[in-house]
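Visitor: structure of the sequence below:
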Amino acid sequence: MTSHPWLLLTCLLAASAPAALLPNGDFSEASPANKSQPRAWAQPDGLGVQWADTGDAAHGKAICLDTRVTERAMMDQWRKLGLTNEWNIPHPADNAIAETYGLSFYSDPIPVQAGQAYRVVFDYKGHPGGAKVWVRCYGEVGGQKRQLYNTTVECRGGDAAQWHTLAQAFFPTRVRPGMKNLQHISLMRVMLFAYFPAGIYWFDNVRIEPISPSEYEAAKR
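Guide: Residues are numbered from 1 along each chain as shown. Next comes the predicted model:
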């Protein structure tokens, strides 16, 4: 898990530009503080998680998750970069990380507006069924930050050598039977995740868009 200043975040929704709800979703900008890190996203480790040129003029730089890398190699890289406070495998082996943990990469948190439905949209290239994109929503309950809601997009279908655009609607603060504390949700993050089979998985043009309740209902149908 990463450690971010969740409750100190002060960020406004950009109503006139839906794509701006998730900054730098096309991974075109570097962090002002670290040129090896995309702005508004986590630090790539440079081995399993790479911020790299796609070789495709239409996509430019994107996020590549290489799940062929072994657990032992990943731990060595995390130690080298000082990332073991965020990522750690207690007993790393020489198997591909695809076979156990997989690899993930997080956006910085952005605000959730109560009563607002959303759509997550992204471009994907890789083995059908070998990856997922999560939107994880958090809030403070009893003085503690908690994960209160998730939506998951399975990266299925299509040629593994081609880019595909995938989308899913979600409504994090909508009241549902058996779902508690949704009114406390205030932040969300996108998590890119790849696992099995061992291979290379690309993600680009990740967007969070506000949609109307009627658009949400139509998408769910």
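Visitor: list the contacts of the one helix or strand in the chain whose mean pLDDT sits lowest.
Guide: Least confident helix or strand, the chain: helix 213-220 with a mean of 93, by mean pLDDT, DSSP states H and E. With C-beta atoms under 8 Å, 6 or more residues apart in numbering as the contact definition, helix 213-220 has outside contacts at 117, 119, 168-171, 211. Where you see a C-beta, it was placed from the backbone N, CA and C, and this is true even at glycine.
Visitor: just the buried residues of it, please?
Guide: Y216 (16 or more other C-beta atoms under 10 Å).
Visitor: host element of L187?
Guide: Applying DSSP states H and E as the criterion places L187 in strand 185-194.
Visitor: verify the contact between R136 and M191 for me.
Guide: Yes - using C-beta atoms under 8 Å, R136 makes contact with M191 at a distance of 6.0 Å.
Visitor: quick one, which of the two is more surrounded?
Guide: Using other C-beta atoms under 10 Å as the criterion, R136 and M191 rank with R136 on top: 19 against 16.
Visitor: now that one, what's its secondary structure?
Guide: strand (DSSP: H, G, I helix; E, B strand; the rest coil).
Visitor: try the one 4 residues further on
Guide: Assigned by three-state DSSP, the conformation of E140 is strand.
Visitor: which residues does it bridge with?
Guide: K145 (DSSP bridges).
Visitor: what's the burial count for it?
Guide: Neighbours around E140, by other C-beta under 10 Å: 16.
Visitor: could you export the contacts of helix 213-220 as a markdown table, including pLDDT and distance to E86?
Guide: Below are the contacts of helix 213-220 laid out as a markdown table (pLDDT from 0 to 100; distance: C-beta to C-beta, whole Å):
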| residue | pLDDT | distance to E86 |
| --- | --- | --- |
| A117 | 96 | 31 |
| R119 | 97 | 29 |
| Q168 | 97 | 26 |
| A169 | 97 | 30 |
| F170 | 97 | 26 |
| F171 | 97 | 30 |
| I211 | 96 | 32 |
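Visitor: and those residues, which of them are in strands?
Guide: 117, 119, 168-170, 211 (DSSP state E).
Visitor: name the nearest residue to the residue nearest the centre of the chain, ignoring sequence neighbours.
Guide: Against the mean C-alpha coordinate of the chain, by C-alpha atoms, centre = their mean, the closest residue is M191 at 2.1 Å. Closest residue to M191 apart from its sequence neighbours, by C-beta to C-beta, 6 or more residues apart in numbering: W134 at 4.2 Å.
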